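1. Please find the sequence and the predicted model below.
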Amino acid sequence: MEQVRVGLIGAGMIGLAHAKALAEVPEAELRVVADLREPAAQEVASAANVAQVETDWQKVVADPSLDAVVVATPPFLHYEMAMAAIAAGKHVLCEKPFAHSPAAADAMVAAADRQGVVIADCSARHARLNPTYRTVKALIDQGKLGEIYLINHFGRGRRGRAGIEYHPAAKWFLDRSKAVGGIGIDWGVYDLSLIFGLLGDEVECVEAMGFAVRGIDQVDPGTPIFDVEEHGGGALRFSNGAMVLWDRASACHMDTGSVTRVCGKRGGVRFEPWSRQAQSLTYYSDVVDGLPTDVEVPIKGQDKHGGDHPHIDRDFVAALLAGREPMMPGRVAAKVLRAIFMIYASAGVAELDEAVPA
């Protein structure tokens, strides 16, 4: 395969981002855009100079000329579309969250393995495909932190709820049956994609206790259904013994921003995971006469990185052509989803082992 021929399902805001990104990847050819709303599909297709538009997504997965499908629809549709694409022998890049339940995620991964196709998730977008992550990961891989025993990660906004202050037209974000969850899912998948990457993708989340809270204010959501959390998180223990303290809010009465602290037995790091302006991170260790010290480690390439969105499509195409795993393979995306559902189950807002649809 010298070029990956791609079909895009979903012509919303994120579908447009995928279309524009794929149009800039020489090794990819976006051939068709599908959406129930033909004008939306036409708009996205025009932005990427794509001639073919469909209103039936099943025509895309059945198209024998395509190698891969990008599923960029609301989360409750991911499972059906991804499974159909896999059954048709297509590689799949699935928007986040990966699936509507851990059981569905596991089924998607198993189906892809049986078919011998690649399935990947988009939660690497902000978490793993940027210079900050690469800098921290290099320190860990070089043994500069030693055994990691604690990660403290928070990301909070005072008012930035999807479907209300952010992208207010997309009210499905506020409906758990369609969005899967609130901020714990919407941005939690990025948080835990980062955390799994730092700890090593082979680890498992073995225990969790958390919270998922809504009712931060008396806002009118503009829709009768508003049943997703605005602030969530908790404590997670991993199979390697590490503890993670996680806190994510789209609405809260607290200071805002996002900071990650990673504590190891030989050293530690503090960094701003989502900042593309930060030029360094802080590394703490005993390196000067056995005394505690901290140094600023440069984050190389920050000024050349650009926006996060295009990198997920570039990585997916490059992985297919190189025969390697994408930065967020489905098998790890399924672990991330299960960890979040463990938090949800602890908080009493979702069942951990929801059945897969027939």
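-> Cool, the structure landed.

2. Look up how far Trp274 lies from the closest residue to Ala208 other than its chain neighbours.
-> Among residues not flanking Ala208 along the chain, Met342 sits closest, at 3.8 Å (C-beta to C-beta, 6 or more residues apart in numbering). Heads up, the C-betas are built off the backbone N, CA and C, glycines and all. Applying C-beta to C-beta, to the nearest Å, the value for Met342 to Trp274 is 24 Å.

3. correct me, but Thr293 touches Tyr283?
-> No. Under the criterion of C-beta atoms under 8 Å, Thr293 is not in contact with Tyr283, lying 9.1 Å apart.

4. which of these two has more neighbours?
-> Comparing Thr293 with Tyr283 by other C-beta atoms under 10 Å, the one with more neighbours is Tyr283, at 21 against 13.

5. mind checking which helix or strand that one is in?
-> strand 280-288 (DSSP states H and E).

6. which other residues reach that strand?
-> Strand 280-288 is contacted from outside by 132, 135-136, 139, 144, 266-272, 292-299, using C-beta atoms under 8 Å, 6 or more residues apart in numbering.

7. Narrow those residues to those in helices?
-> 132, 135-136, 139 (DSSP state H).

8. out of those residues, who's nearest Asp227?
-> Thr132 (34.0 Å; C-beta to C-beta).

9. Identify the residues contacting Gln279.
-> Contacts of Gln279 (C-beta under 8 Å, 6+ apart): 298-299, 302.

10. how about 6 Å then?
-> Gln279 makes contact with Ile299 under the criterion C-beta atoms under 6 Å, 6 or more residues apart in numbering.

11. Could you check how far it is from His153?
-> The gap separating Gln279 from His153 is 21 Å, by C-beta to C-beta.

12. Also Pro273?
-> For Pro273, the distance to His153 - C-beta to C-beta - is 8 Å.

13. Give me the common contacts of those two.
-> Common neighbours of Pro273 and His153, using C-beta under 6 Å, 6+ apart, are Thr260.

14. And the pLDDT for the closest residue in space to Ala17 that isn't next to it in sequence?
-> Using C-beta to C-beta, 6+ apart and skipping the chain neighbours, the partner closest in space to Ala17 is His309 (4.5 Å). What the model reports for His309 is a pLDDT of 91.

15. surely His309 meets Gly15?
-> No. Assessed by C-beta atoms under 6 Å, His309 is found out of contact with Gly15, at 11.4 Å.

16. follow-up on the earlier one: mind listing what the strand holding Tyr283 pairs with, with the direction of each?
-> Using DSSP bridges, the strands paired with strand 280-288 are strand 267-271 (antiparallel), strand 291-298 (antiparallel).

17. CSV please, covering the ones you listed and showing mean pLDDT and distance to Ala249.
-> Shown next, in CSV, are the strands paired with strand 280-288 (pLDDT from 0 to 100; distance: least, C-beta to C-beta, whole Å):
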stretch, mean pLDDT, distance to Ala249
strand 267-271, 98, 20
strand 291-298, 95, 28
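
18. tell me the most buried of those?
-> Most buried of the strands paired with strand 280-288, by mean neighbour count (mean count of other C-beta atoms under 10 Å): strand 267-271, with a mean of 21.

19. Contacts only, for His100.
-> 75-76, 180.

20. same thing but 7 Å
-> Listed by C-beta atoms under 7 Å, 6 or more residues apart in numbering, the contact set of His100 reads 75-76, 78-79, 180.

21. ranges for the helices of this protein?
-> Here the chain has its helices, by DSSP H, at 13-23, 38-47, 57-62, 78-87, 102-115, 124-127, 131-141, 176-179, 183-186, 188-199, 302-305, 309-322, 330-347.

22. Pick the most deeply packed of the ones you listed.
-> helix 183-186 (a mean of 28).

23. What pLDDT is listed against the residue of the chain most remote from its centre?
-> Largest separation from the mean C-alpha position in the chain: Asp289, at 41.8 Å (C-alpha atoms, centre = their mean). Here, the pLDDT recorded for Asp289 equals 83.

24. can you check Glu351 too?
-> Confidence score, pLDDT, at Glu351: 80.

25. mind listing what it touches?
-> Residues near Glu351 by C-beta under 7 Å, 6+ apart: Ala345.

26. worst-scoring helix or strand of this structure, pLDDT-wise?
-> Every helix and strand of the chain was ranked by mean pLDDT, DSSP states H and E. The lowest is helix 302-305, at a mean of 86.

27. How about residues contacting stretch 259-271?
-> Residues contacting stretch 259-271 (C-beta under 7 Å, 6+ apart): 132, 136, 139, 144-154, 198, 272-273, 281-285.

28. first to last residue in it, what's the distance?
-> 6 Å (C-alpha to C-alpha, to the nearest Å).

29. Same question for stretch 2-15.
-> For stretch 2-15, the first-to-last residue distance is 24 Å (C-alpha to C-alpha).

30. who touches that stretch?
-> Stretch 2-15 is contacted by residues 18-19, 22, 27-35, 37, 40-41, 43-44, 57, 60, 63, 65-73, 81, 95, 167, 317, 320-321 when judged by C-beta under 7 Å, 6+ apart.
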